[in-house]
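Participant: sequence plus predicted model, see below.
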Amino acid sequence: MLMIKKFFIAPLKGYQYISRMLPASCRYYPSCSEYATWQFEFNRVDKALAQSTLRILRCNQLFDGGIDYPVVKYTPPLLLELSKTNFIIKYWLIPKSETLYYVIKDYGAY
């Protein structure tokens, strides 16, 4: 499953590299490509593809744009499992409801 996600994330990273040289044109924050990358990292491929497609379709003059963080379903690991691993905080998960979370990237970690 990880290889399939990497298959979809690789072209997004390539597009992000090229788009840094062009003027910004996305009406949302985070940009549509960053939103899609986050969706593929946290969701199943089919759900991430659907959510990313809907976001790209909303990125036009008919919608106002603004801040639109991805919402993902997440079950936190047990505290005991966290103590066994060394990790760097890459994303913050802000609760929306009991199992749904907003994904916010921690830019200070890099």
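Facilitator: Looks like it arrived, so ask away.
Participant: C-terminal to the lowest-mean-pLDDT helix or strand in the chain, what's the next element?
Facilitator: Using mean pLDDT, DSSP states H and E, the weakest-scoring helix or strand in the chain turns out to be helix 79-83, at a mean of 63. Using DSSP states H and E, the helix or strand that follows helix 79-83 towards the C-terminus is strand 91-95.
Participant: sheet partners, orientation included, of that following strand?
Facilitator: Strand 91-95 has these partner strands in its sheet, going by DSSP bridges: strand 100-105 (antiparallel).
Participant: so which residues of this structure form strands?
Facilitator: Assigned by DSSP state E, the chain shows strands spanning 28-29, 66-67, 71-73, 91-95, 100-105.
Participant: check which helices and strands the third one sits against.
Facilitator: Just to be clear, that refers to strand 71-73. helix 32-42, strand 100-105 (3 or more Cβ pairs under 8 Å, 6 or more residues apart in numbering; DSSP states H and E). (Each C-beta comes from the backbone N, C-alpha and C, glycine too.)
Participant: chain center to the longest one: distance?
Facilitator: Mean C-alpha position of helix 32-42 versus that of the full chain (Cα atoms, centre = their mean, to the nearest Å) differs by 3 Å.
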